[in-house]
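1. No sequence on hand, only this structure:
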């Protein structure tokens, strides 16, 4: 499986040319996971899968646009044509894309996506607090987890609605490593928060050291980064 990272900036002001674009991951040149920038449409994917309707993951939330590519999202929106609410898994050629419900926002629904091409599978989480354990059995032998790095501190920033008790926000990088290291040897972090830009070189070193101490390979994403997951398997084997 081939991964191209199109955007790695969270909902923060741009301050680095290598992390200037919002979320977007292109899988095998045909599946686009999140559409944080209008220009990502230039890759002409066969289908687009949106994790949640926040503008840094779906630019059309604030810039309505007619889009002629099929779009799947966890809820409907009038701001983009061809947008369909996803329920069950979708087959796109040899790729099966399965939505996984996630906890993130109290205002919009969110999902991650499990992408399986028959020989490898990856998980793309979008923004995340937690994934219910009932879905964890689907994550065995993941070639790669692509997840967020909004907060480097343990616990991140998670809040609870006083009326409903619903949690919302972002968990921390240490929590994400603890969750996913049982399912994969490779985690790719994107969607960086302000902490990352205070010293990008030191931030990369911190993430790499966290990976080493947990016995996994941590990859620090940047706009334009490309990964060949078959190379990972040959190296690991």
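-> That came through fine. What you are looking at is a predicted structure, and each value in this text was computed from that prediction instead of being measured.
2. ok, now how distant is residue 182 from residue 85?
-> 31 Å (C-beta to C-beta, to the nearest Å). The way it works is simple: take the backbone N, C-alpha and C, and place the C-beta from them, glycine included.
3. and the helix ranked longest in the chain, what other elements does it pack with?
-> Counting by DSSP state H, the longest helix found in the chain is helix 200-213. Using 3 or more C-beta pairs under 8 Å, 6 or more residues apart in numbering; DSSP states H and E as the contact test, the elements touching helix 200-213 are helix 173-180, strand 186-192, helix 194-197, strand 217-220.
4. So for residue 35, which of the ones you listed sits nearest?
-> Of all the helices and strands packed on helix 200-213, strand 186-192 sits nearest to residue 35, with 13.8 Å by C-beta to C-beta.
5. which other helices and strands contact the closest one?
-> The helices and strands touching strand 186-192, judged by 3+ C-beta pairs under 8 Å, 6+ apart, are strand 2-7, strand 144-149, helix 173-180, helix 200-213, strand 217-220.
6. Name the surrounding residues that touch the very next helix or strand once past the shortest one.
-> Same thing as strand 217-220. The helix or strand immediately downstream of strand 217-220 is strand 226-228, counting by DSSP states H and E. Taking C-beta atoms under 8 Å, 6 or more residues apart in numbering as the criterion, the residues outside strand 226-228 that touch it are 2-5, 144, 188, 219.
7. would you turn those into TSV with neighbour count?
-> Converted to TSV, the contacts of strand 226-228 look like this (neighbours: other C-beta atoms under 10 Å):
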residue	neighbour count
2	14
3	23
4	17
5	21
144	24
188	23
219	22
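8. need those residues in TSV with distance to residue 43 and pLDDT, can you?
-> TSV is the format used below for those (distance: C-beta to C-beta, whole Å; pLDDT from 0 to 100):
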residue	distance to residue 43	pLDDT
2	13	97
3	13	98
4	8	98
5	12	98
144	19	98
188	19	98
219	21	97
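9. if we can go back for a sec, most packed of the helices and strands packed on helix 200-213?
-> Comparing the helices and strands packed on helix 200-213 by mean neighbour count (mean count of other C-beta atoms under 10 Å), strand 186-192 ranks first with a mean of 26.
10. and the angle from it to strand 2-7?
-> In this structure, strand 186-192 runs at an angle of 20 degrees to strand 2-7, with axes from the mean of the first three to the mean of the last three C-alpha atoms, to 10 degrees as the basis.
11. Quick one: distance of strand 186-192 to the chain centre.
-> A distance of 8 Å separates the C-alpha centroid of strand 186-192 from that of its chain, computed with C-alpha atoms, centre = their mean, to the nearest Å.
12. That one to strand 144-149, inter-axis angle?
-> In this structure, strand 186-192 runs at an angle of 30 degrees to strand 144-149, with the same axes, to 10 degrees as the basis.
13. which other residues reach strand 186-192?
-> Contacts of strand 186-192 (C-beta under 8 Å, 6+ apart): 3, 5, 7-10, 12, 19, 23, 25, 56, 127, 143-150, 173, 176-177, 180-181, 203, 207, 211, 216-221, 227, 229, 232.
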